[in-house]
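Asker: here is my input; please provide its structure:
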Amino acid sequence: MARARRGGAVLLLAGLVVLLVLAVVADRAAQQVAESRAATQLQAQLGTAEEPEVDIQGFPFLTQARQQSLSSVRVVADGVRPPGSTTTVQHVDLKLRDVSSRDNFATSTAEQVSGTATLDYPTVKTLTGQSLRYARDDKVEVSAPTTVMGVPVTAVVVGRPVVDEAEQTLSLTEPQLSVDGVSVPDSAAGALLDSAVKPAPVTGVPFGLKLNSVSAQPQGLVAGLTGTDVAFRP
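Answerer: Numbers count the residues shown, from 1 in each chain. Predicted coordinates:
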């Protein structure tokens, strides 16, 4: 009799394990369908040639889906150019937190967005009006034709890019000036530096996100992005 009871308990436990596995599989399958749907929608919103990678995080997914509230979603995309934008962002890697919807995610709003965007230097020129190129050690170079004491020269300023978060402007810190080997008076050097490192407004960032950091890399500027109550609409 005891052996029979133990056998029944084993069968019951095995059945529960099977049900649990099936529930996990079903949850994962539903998550994959939702990720695919989200990727299709975001492709149109981001203007990418290929669907972005979408990873809905948190478990179980179905509970979050029923509540139309996702705790965390990661989106990775290349060649981002939303409809109406005049610039293409080379690469974005975004973390969306507390994503909510009222229409089964046909539209949604992320309470908090953070991540990075890589902008090649031609795109930086479009956004800021300044022509930059990579120099060395997280620094960029700005060059411009000018005159010093009536002599035509090319002024070159090397500095580290920085972002003013409040003003959303890009400028250079630790600037170093060189001018075709021509000796430049301090007064003229100061004027040239003021002109070269003048803060440039950054405009046209997708979804109204704001820059909070920037670093120079050979392929372009890698900007930290942040945003609150970011809406995603078809």
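Asker: can you tell me which helix or strand of this structure has the lowest average pLDDT?
Answerer: Counting by mean pLDDT, DSSP states H and E, the chain has its least confident helix or strand at helix 2-46, which shows a mean of 65.
Asker: tell me which helix or strand comes right after it.
Answerer: For helix 2-46, the following helix or strand on the C-terminal side (DSSP states H and E) is strand 53-57.
Asker: identify the residues contacting that next one?
Answerer: With contact meaning CB atoms under 8 Å, 6 or more residues apart in numbering, strand 53-57 is reached by 31, 34-36, 38-39, 42, 64, 70-77. For the C-beta atoms, the positions are set from N, CA and C on the backbone; glycine is no exception.
Asker: what mean pLDDT does that strand get?
Answerer: Mean per-residue pLDDT for strand 53-57: 90.
Asker: run me through the strand neighbours of it, direction for each.
Answerer: strand 69-80 (antiparallel) (DSSP bridges).
Asker: which stretches of this protein have low pLDDT?
Answerer: Residue ranges of the chain with pLDDT under 70: 1-27, 148-149, 181-189, 195-196, 234.
Asker: for E111, give me its contacts.
Answerer: 97-100, 228-229.
Asker: for V73, grab the count of nearby residues.
Answerer: As a burial measure, V73 scores 23 neighbours (other CB atoms under 10 Å).
Asker: can you pull the contacts of it?
Answerer: 38, 54-57, 95-96, 99, 110.
Asker: could you pull up the residues touching V92?
Answerer: Contacts of V92 (CB under 8 Å, 6+ apart): 46, 75-77, 80, 115-118, 206, 225.
Asker: actually, S71.
Answerer: 57-58, 64, 97-99.
Asker: change it to 10 Å
Answerer: Contact partners of S71, counting by CB atoms under 10 Å, 6 or more residues apart in numbering, are 56-59, 64, 96-99.
Asker: buried ones among the contacts of E111?
Answerer: Among the contacts of E111, those classed as buried by 16 or more other CB atoms under 10 Å are V99.
Asker: and the helix or strand hosting R160, how far from the chain's centre?
Answerer: Using DSSP H and E, R160 maps to strand 151-164. Put simply, strand 151-164 sits 26 Å off its chain's centre (CA atoms, centre = their mean, to the nearest Å).
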